[in-house]
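Participant: sequence unavailable; structure follows:
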């Protein structure tokens, strides 16, 4: 197994007044691995992601992060672009905040925008971008620093089905370029199986590991993968795990 | 259709109002020192135009000077309050007191401090105090209403406090800041007028002083003319700022703001 770039060891998160949100929960992301986190709403998927990003500490347990500052990127469900900045300025932001010169940062941003399929949109403002384009810009901002770990919190949830599938393939192609470790949070089992080599299914909140399903093959996915036996089998097993976890809770 | 309503309706209404006013004054032979006719006010406006224009300039200068000072002070205070809860809590009683106290009651104090020979200082100081709260609270709410996910990204990027302020909170607060500044600009004019009324003398000669002077001499038409000039001045300031705000918001959003 590849060396872990991020791991959660028996972490628990309690929020004052709201009780336990997550755990005890174990998780491990290998270098260059794509892992999907699937679970019902409110199971603590996003909380787990925030722990992995170092954005909040666990109440108990250990968070191990091999990636340093600037080597972890997050993409949220909404594009979260600054409306007053152009697409290129938004993408350049993490580099500029890290002290890189404006010209170099803007050049890197333009190059990254081209990679995500937004060549020519450098000067556009977020308000002028479609939902899919804004998400691509958000992805470009996450990738521009060349992260070792990329954390995606339901990044395609707000997109229509066709855009969603296109984005999934494009993301896998981008992953193949530099192979960052990816944690992909979703509540869609089929999307999880399509994206990941490993699907971790969570129980309803406070989330624990309900089980894990390995998916054969690696990204990028071949044409017709969605109708292949391997895909259907993995999706069926993940769905069954999820069903059982939900059943046990109710 | 809707545009015609917006123009025609007030024209007809005001025309009818002024017509009725004029007719009533004439029919009942209302003395002009009690209520002048609209036509005599128009005449007074025409005859005194140079004086009124100069006085409007004085009042405008006071209001704009106060606006510049209060914008600096209130925004600085808002930045301080937004960056620390202790600072915010410390400022709160004063901010609330400024909002609920009828500021005009401070006029005698300001006159005493500035000295009877420096009415300009009293006028500007009163305008500053009157306009402080809306600018402060607009900026403060803007600075503290940043998109929490953008804040998280700034955490992730390890942004410094200065970067967070200049690259995230200040630009993101722009719409609320402008809203506060707009109210503040109007109140700067109100404050300047209050200052002129309470501290004004022959030395200041602002519009409010003209109103007072004409009323004391029972030249009501002239008094009304100064009032009209003051309303026009307020209107010009409002419309001017409105277009400035619109331009700034168009830049900020990358598209024209939705029409209200």
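Facilitator: Nice, I can see it. Note that the coordinates shown come from a computational prediction; the quantities given were computed from them, not determined experimentally.

Participant: any low-confidence regions in the stretch 1-150 of chain B?
Facilitator: B:1 (pLDDT under 70).

Participant: helices of that one, start to end?
Facilitator: B:2-27, B:38-47, B:49-83, B:85-100, B:107-114, B:119-143, B:148-156 (DSSP state H, counting those that start in this stretch).

Participant: out of these, which is the most enclosed?
Facilitator: helix B:119-143 (a mean of 25; mean count of other CB atoms under 10 Å in any protein chain shown). C-betas here are computed from N, CA, C, even on glycine.

Participant: up against chain A, what does the stretch 1-150 of chain B have?
Facilitator: B:147, B:149, B:150 (CB under 8 Å from any CB of the partner chain).

Participant: can I get those in CSV including distance to residue B:164?
Facilitator: Below are the residues of the stretch 1-150 of chain B next to chain A laid out as CSV (distance: CB to CB, whole Å):
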residue, distance to residue B:164
B:147, 13
B:149, 14
B:150, 10
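
Participant: for chain A, state which of the residues you listed is nearest.
Facilitator: When the residues of the stretch 1-150 of chain B next to chain A are ranked by distance to chain A (CB to the nearest CB), residue B:149 comes first, at 4.4 Å.

Participant: for that closest one, which non-adjacent residue is spatially closest?
Facilitator: residue A:80 (4.4 Å; CB to CB, 6 or more residues apart in numbering or on different chains).

Participant: quick check, the one you found in a strand?
Facilitator: No: according to DSSP: H, G, I helix; E, B strand; the rest coil, residue A:80 belongs to no strand; its state is coil.

Participant: how about it, what does it touch?
Facilitator: A:138, B:147, B:149, B:150, B:153 (CB atoms under 8 Å, 6 or more residues apart in numbering or on different chains).

Participant: got phi/psi on it?
Facilitator: Backbone torsions of residue A:80, given as degrees, to the nearest 10, read phi 50, psi 50.

Participant: how about residue A:7?
Facilitator: Taking degrees, to the nearest 10 as the convention, residue A:7 sits at phi -150, psi 150.

Participant: is it correct that it is in contact with residue A:29?
Facilitator: Yes: the pair residue A:7 / residue A:29 is scored as a contact, 6.9 Å apart, by CB atoms under 8 Å.

Participant: who has more neighbours out of those two?
Facilitator: The neighbour count for residue A:7 versus residue A:29, taken as other CB atoms under 10 Å in any protein chain shown, is higher for residue A:29 (28 against 17).

Participant: now render the contacts of residue A:80 as TSV, adding distance to residue B:159.
Facilitator: Shown next, in TSV, are the contacts of residue A:80 (distance: CB to CB, whole Å):
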residue	distance to residue B:159
A:138	18
B:147	14
B:149	14
B:150	10
B:153	9
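
Participant: let me know the closest of the residues you listed to residue A:203.
Facilitator: residue B:149 (26.2 Å; CB to CB).

Participant: and the closest one, what is it in contact with?
Facilitator: Taking CB under 8 Å, 6+ apart, one finds A:76, A:78, A:80 in contact with residue B:149.

Participant: give me the mean pLDDT for the helix or strand where residue A:28 lies.
Facilitator: Residue A:28 belongs to strand A:19-30 when assigned by DSSP states H and E. Per-residue pLDDT values over strand A:19-30 give a mean of 90.

Participant: which secondary structure elements does it contact?
Facilitator: Based on contacts counted as 3 or more CB pairs under 8 Å, 6 or more residues apart in numbering or on different chains; DSSP states H and E, the elements that strand A:19-30 packs against are strand A:4-15, strand A:34-38, helix A:45-53, strand A:60-65, strand A:181-186, strand A:209-214.

Participant: give me the sheet partners of the fifth one and which way each runs.
Facilitator: To tie it back to what came earlier, the one meant is strand A:181-186. In the sheet, strand A:181-186 lines up against strand A:34-38 (parallel), strand A:149-153 (parallel) (DSSP bridges).

Participant: mind listing what's buried in it?
Facilitator: A:181, A:182, A:183, A:184, A:185, A:186 (16 or more other CB atoms under 10 Å in any protein chain shown).

Participant: what residues are up against residue B:53?
Facilitator: residue B:229.

Participant: measure it to residue B:207 for me?
Facilitator: 10 Å (CB to CB, to the nearest Å).

Participant: number of residues surrounding residue 168?
Facilitator: Chain wasn't specified; assuming chain A. For residue A:168, using other CB under 10 Å, the count is 20.

Participant: try chain B instead
Facilitator: There are 21 residues near residue B:168, going by other CB under 10 Å.

Participant: is it true that it touches residue B:146?
Facilitator: Yes: counting by CB under 8 Å, residue B:168 does reach residue B:146; the two are 6.0 Å apart.

Participant: list the contacts for residue A:140?
Facilitator: Residue A:140 touches A:87, A:91, A:109, A:112, A:113, A:115, A:116, A:118, counting by CB under 8 Å, 6+ apart.

Participant: list the buried residues of the host helix or strand of the third one.
Facilitator: By that I understand residue A:109. Assessed by DSSP H and E, residue A:109 sits inside helix A:102-115. Using 16+ other CB under 10 Å as the test for burial, helix A:102-115 gives A:105, A:106, A:108, A:109, A:110, A:112, A:113, A:115.

Participant: isn't the fourth one up against residue A:123?
Facilitator: Read that as residue A:109. No: using CB under 8 Å, residue A:109 makes no contact with residue A:123, being 11.4 Å away.

Participant: between those two, what contacts are shared?
Facilitator: residue A:88.

Participant: quick check: next helix or strand after the helix holding residue A:109?
Facilitator: helix A:131-143.

Participant: and the pLDDT at the residue of chain B most remote from its centre?
Facilitator: Ranked by distance from the centre of chain B (CA atoms, centre = their mean), the top residue is residue B:156, with 41.5 Å. Residue B:156 is assigned 91 on the pLDDT scale.

Participant: how near is it to chain A?
Facilitator: According to CB to the nearest CB, to the nearest Å, residue B:156 and chain A sit 6 Å apart.

Participant: surely that residue touches residue A:50?
Facilitator: No: contact criterion CB under 8 Å: residue B:156 and residue A:50 do not qualify, at 10.0 Å.

Participant: any stretches of chain A with poor pLDDT?
Facilitator: A:1-2, A:249-250.

Participant: regarding it, what is its longest helix?
Facilitator: helix A:229-249 (DSSP state H).

Participant: how far does stretch A:76-92 stretch from one end to the other?
Facilitator: Taking CA to CA, to the nearest Å, stretch A:76-92 runs 17 Å from one end to the other.

Participant: ok now that stretch, how far from the chain's centre?
Facilitator: Taking CA atoms, centre = their mean, to the nearest Å, one finds the center of stretch A:76-92 at 17 Å from the center of the full chain.

Participant: next, the buried residues of it.
Facilitator: A:76-92.

Participant: next step: those residues restricted to helices.
Facilitator: A:87, A:88, A:89, A:90, A:91, A:92.

Participant: list the contacts for the last one?
Facilitator: The contact partners of residue A:92, by CB under 8 Å, 6+ apart, come to A:102, A:105, A:106, A:108, A:109, A:144.
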